[in-house]
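Student: Here is a sequence with its predicted model. Questions after.
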Amino acid sequence: MADAAYGLWTLVVLNTALFIAFAAGFFHPRTRRDWRATGAYSAFLVAVFTEMYGTPLTIYLLGGRLGNQVPLLNDTHAGGHLWNDLTGWSGDPHLSPFHLAGYLALGIGFWLTAAAWKVLHEAARKDRPGTTGPYAWVRHPQCDGFLVVMIGFLLQWPTIPTLIMGHRPGPPVAALRPSGRRR
């Protein structure tokens, strides 16, 4: 590798464990579907952090095809920020519009998850459903928070595996309506 930013397997394990532990603190899977969602989120994190600090698979796969058209695409840490390479951003990749938007999405996702957890915890203490705060706007704000976090990572560090895992058809429109309401 041309850069010491790769092959840092300790950071892969540490970051993956940290984000999975954060998710486990809010989301306690019980059903088979819950465990599948948790597994998919965990796989997404493994893919992101493996490419971020371990082995830049996407750069290797795209480097041969795009190497001539995108001269910045190389196996350095700065070369791993594909949105910057594809748009020609030549400044610090951590200050690019994509990275800044990713920071914003990560912050919003973590805030939404924490705000929803607070409402849900209070509602459970009073033995009633959570209907205030984020629950007044969306049915599953914690899941939405994790989705926004995933989008933040995709803005900062898009990779072929994470783009494939992050792409999922949305729910039918009927599933988005609050229960009990008809249009």
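Tutor: Nice, I can see it. Predicted model only: the values in this text are computed from it and were never measured.
Student: Point out where the protein drops to low pLDDT.
Tutor: 1-5, 59-80, 165-183 (pLDDT under 70).
Student: and if we set it to 90?
Tutor: Of all residues in the chain, those with pLDDT under 90 make up the ranges 1-9, 19, 21-96, 99, 113-114, 116-118, 120-144, 146-147, 149-151, 153-183.
Student: where exactly do the helices run in it?
Tutor: Listed in chain order, the helices of the chain (DSSP state H) span residues 9-26, 32-49, 57-66, 82-87, 97-125, 141-156, 160-166, 173-176.
Student: Can you tell me which of those helices is most buried?
Tutor: Among the helices of the chain, judged by mean count of other Cβ atoms under 10 Å, the one packed with the most neighbours on average is helix 141-156 (a mean of 21). Bear in mind the C-beta positions are built from the backbone N, C-alpha and C, glycine included.
Student: what's the distance between that one and the middle of its chain?
Tutor: Here the centre of mass of C-alpha atoms in helix 141-156, compared against the chain's by Cα atoms, centre = their mean, to the nearest Å, lies 4 Å away.
Student: which outside residues touch it?
Tutor: Contacts of helix 141-156 with the rest of the structure, by Cβ atoms under 8 Å, 6 or more residues apart in numbering, involve 23, 26-27, 37, 41, 44, 48, 81, 83, 98-99, 101-106, 108-117, 120, 133-135, 138, 162-163, 166.
Student: before we move on, what about stretch 26-43?
Tutor: Residues outside stretch 26-43 that contact it (Cβ under 8 Å, 6+ apart): T16, I20, A23, A24, T113, A116, W117, Q142, C143, F146, M150, M165.
Student: how about a cut-off of 6 Å?
Tutor: Stretch 26-43 is touched from outside by I20, T113, W117, Q142, with contacts defined as Cβ atoms under 6 Å, 6 or more residues apart in numbering.
Student: For the residue nearest to the last one when sequence neighbours are not counted, give its distance to F44.
Tutor: Closest residue to Q142 in three dimensions, ignoring its sequence neighbours and counting by Cβ to Cβ, 6 or more residues apart in numbering: A116, at 4.7 Å. The span separating A116 from F44 equals 20 Å under the rule Cβ to Cβ, to the nearest Å.
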